[in-house]
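A.B. asks: Sharing a model that was predicted from the sequence below.
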Amino acid sequence: MDGHVATDSSGQGNPRQAPNVSKRKDHQRGSGDASENQSRERSENLSEGSRRSRRHSIDIPSEMSRHEEEEELKYGAKHVIKLFAPVSLCMVVVVATIRTVHFYSVKDVYLVYTPFHEESPETSTKVWNAAANSLILMCVIVVMTILLILLYKYRCYKTIHGWLIVSSLMLLSVFSYLYLEEVLRAYDIPMDYPTLLFGLWNFGVMGMICIHWQGPLKLQQAYLIFIAALMALVFIKYLPEWTTWAVLAVISVWDLIAVLMPKGPLRILVETAQERNEQIFPALIYSSTYMYTSLAAGDETTARNSNTSGDEHGFSQDWVDNHESRAAHRRVDPQDSQNRSRTMGHISENIPCQEEEERGVKLGLGDFIFYSVLVGKASSYGDWNTTLACFVAILIGLCLTLLLLAIFQKALPALPISITFGLIFYFVTKEIVSPFSDSLSNEQVFV
Amino acid sequence: MTVVEFVGCMFLAFGPPFAMFVFTIAHDPVRIIILIAAAFFWLLSLLLSSFWWFIVFPLRKDLVFGLIFSVIFQEAFRGVIYKILRRAQVGLTKITDDTTTLIENKHILAYVSGLGFGIMSGAFSLINVLADAVGPGTMGIKSGNEMFFITSSATTLCFILLHTFWSVIFFDALDKKNNFQLIAIVLSHMLVSCLTLLNKYQVYSATIVPISFICGLTGLFAFKVAGGSYNSFKSCLVFR
């Protein structure tokens, strides 16, 4: 899917919660006594609140909103880094694979969606081949996206989950097997089938559990990054030379349309999800914080979560604690609201801790995939300078996108700016900068 | 040998900058972003100088021409970063956690952007050479100088550090409107870059010695500009 970047809608109303996230997590995972937790928390809140009120003696509304905006930006900077790390990791995996495993840069088989193979020596033929291929691929993506939206709109959740589970299973089994085989071959490591299958089985099942059900956040993120890297490698391997570049250009335009147009499919998806107060499928979106184990998404999910996990231990116990403390919070709330005018910064901190966990930036896996395709493709020609230039350009593009996100406060397409920067820097570096820096480096001249 | 040489050269060139990154920059998201932005600006300056080198095709063989303009463009972009950072200072106070250190000590911004400049410039001049160092061939068996990779990495390290120092001095000069310092920086950059022209004749000692000497001097100057003194240096060595 060509995804988008978004801050979590449920977190937007209360930007002051973020600093306490880790603290709260400790509370949740700590002692089971909800009332004790809660009283401790309250005293913390009070001290925090009074500290804040001392700092801001004027409590006029405009001051408040400005302050919130600042806080938004402050955590924006942290979120940028929280996305930089996984995006870089994904690119590093792809580039390392491309440079060491030959299999992924050799062209022999192509995707079904790209019937024209660019084998003619003439440039004009190659150009229309690439254009036709990318348009066909584009149409497939558009149709698939619309199909997904329709399924979502008419609440066919089972179908969607089935679809996602099958595709992630494919990636985690068949494609992982192919990947591992080629890596082993490239490094000349012998391995017997039982070990391989045992390892793959564990890896795949673990991945399925982590992505679709629950698991440690780090592990889930790692699996999502791996899936994105694998998908990028598949694109690099099975798309013809120029089609890849054309696809990158076309897909970023599509991303722009799909997210920003009033009737764009991804926009509809995001808006419907917000309307229904649900999370978008964890298999499609990388999130810098918990998504599916968070319980504040609505009563429906909490009920489902409590059903799915065991009866008395594990997550369920956690949930019971949280639930109790949440109820306690609700009871406390009216009392506190009297103090609102005095202690600003207090209100939002009383909102149940589950919601705090949800605050974070989300980036569609599609963005990971196409960033990595660009960098991987750039590195497949063997020039590190080009790769580095593309990498920096994409990160700067991502930075700008997140800056715009902080300004506009709605879901934005993450591909257009980054991919445009990446494409510009790729071609310019390849044609103009590289000759210059090569000739400098030939004579060992440093500038 | 090749891989060992590769690892050694890589850490010779990028070890100290990496340590600087880990200990002084990595903990603050805003600094990381400024670092990457500075790297991007260095890339833009290189782009501009490459364009210029590409357009003036009769002089493509004479690298002196490209070099002089590249130095000028780089210093110009350093000035652009200065303008942007000083203009964004109000905004930066809002988005960083340790407002006090980042804003009160304004050399930090200079240091961070200089390191970004340096790392990018170092990476661009060394990364392809290093990729070749892995093997299968190596330098100095049939022809060429076996010191090639080591001197290349050492020069890169000097340039990364020099860029950091230059930025600190440059920002300070612009703050205090000290034109003498500005000219000194542009001239020393020019001098160091022109010294590397001698590398063509493979007399590496003729370049590496003066460059490290200038690097040390510039470092001392930057230390002094940033408010350091002999006593503060002594006190920072004392174990607390």
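C.D. replies: Received, thanks. Residues are numbered from 1 along each chain as shown, chains lettered A, B, ... in the order given.
A.B. asks: okay, the residue sitting furthest away from the middle of chain B: pLDDT?
C.D. replies: Distance from the C-alpha centroid of chain B peaks at B:K142, with 33.2 Å (C-alpha atoms, centre = their mean). Looking at B:K142, its pLDDT stands at 77.
A.B. asks: Contacts only, for whichever residue of chain A sits closest to chain B.
C.D. replies: Here the residue of chain A nearest chain B is A:Q444; by C-beta to the nearest C-beta that distance is 3.6 Å. Bear in mind the C-beta positions are built from the backbone N, C-alpha and C, glycine included. For A:Q444, the contacting residues are B:F148, B:T151, B:S152, B:T155, B:T196, B:N199, B:K200, by C-beta atoms under 8 Å, 6 or more residues apart in numbering or on different chains.
A.B. asks: likewise B:S152?
C.D. replies: Per C-beta under 8 Å, 6+ apart, neighbours of B:S152: A:Q444, B:C9, B:A13, B:L126, B:V129.
A.B. asks: Where does it sit, in terms of helix or strand?
C.D. replies: Assignment of secondary structure by DSSP states H and E places B:S152 within helix B:148-176.
A.B. asks: Check which element follows that helix along the chain.
C.D. replies: Next element after helix B:148-176 (DSSP H and E): helix B:179-195.
A.B. asks: count of residues packed around the nearest residue to B:L63 once chain neighbours are set aside?
C.D. replies: Closest residue to B:L63 apart from its sequence neighbours, by C-beta to C-beta, 6 or more residues apart in numbering or on different chains: A:V445 at 5.4 Å. Counted with other C-beta atoms under 10 Å in any protein chain shown, the neighbours of A:V445 add up to 23.
A.B. asks: part of a strand, is A:V445?
C.D. replies: No: assessed with DSSP: H, G, I helix; E, B strand; the rest coil, A:V445 is coil; it does not lie in a strand.
A.B. asks: On the pLDDT front, check it for me.
C.D. replies: Model confidence at A:V445 (pLDDT) stands at 87.
A.B. asks: if I pick it, what's in contact with it?
C.D. replies: Shown in contact with A:V445 (C-beta under 8 Å, 6+ apart): B:L63, B:L67, B:S193, B:T196, B:L197, B:N199, B:K200.
A.B. asks: Name the nearest residue to the closest residue to chain A within chain B, sequence neighbours excluded.
C.D. replies: Chain A sits closest to B:N199 of chain B, with a gap of 3.6 Å, by C-beta to the nearest C-beta. Setting aside the residues directly before and after it, B:N199 is nearest to A:Q444 in space (C-beta to C-beta, 6+ apart), at 3.6 Å.
A.B. asks: quick revisit: could you look up the SS state of the residue farthest from the centre of chain B?
C.D. replies: For B:K142, the assignment made with three-state DSSP gives coil.
A.B. asks: For B:T138, what are phi and psi?
C.D. replies: Backbone torsions for B:T138, taken as degrees, to the nearest 10, come to phi -140, psi 170.
A.B. asks: burial count for it?
C.D. replies: 17.
A.B. asks: next one: B:G118
C.D. replies: Residues contacting B:G118 under the criterion other C-beta under 10 Å number 27.
A.B. asks: cool, and B:V134?
C.D. replies: 14.
A.B. asks: hang on, isn't it packed against B:V7?
C.D. replies: No: judged on C-beta atoms under 8 Å, B:V134 makes no contact with B:V7 at a distance of 9.4 Å.
A.B. asks: hey, what's in contact with both of the two?
C.D. replies: Taking C-beta under 8 Å, 6+ apart as the contact criterion, no residue touches both B:V134 and B:V7.
A.B. asks: if we can go back for a sec, which of the contacts of B:S152 are buried? Put it as a ChimeraX command.
C.D. replies: Of those, the buried ones go into a single ChimeraX selection, burial set by 16 or more other C-beta atoms under 10 Å in any protein chain shown:
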select /A:444 /B:9,13,126,129
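A.B. asks: can you put the contacts of B:S152 in a markdown table and add secondary structure and distance to A:T145?
C.D. replies: What follows is the contacts of B:S152, written out as a markdown table (DSSP: H, G, I helix; E, B strand; the rest coil; distance: C-beta to C-beta, whole Å):
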| residue | secondary structure | distance to A:T145 |
| --- | --- | --- |
| A:Q444 | coil | 51 |
| B:C9 | helix | 48 |
| B:A13 | helix | 46 |
| B:L126 | helix | 44 |
| B:V129 | helix | 45 |
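A.B. asks: if we can go back for a sec, can you give me the separation between the residue of chain B closest to chain A and A:N385?
C.D. replies: Going from B:N199 to A:N385 by C-beta to C-beta, to the nearest Å gives 19 Å.
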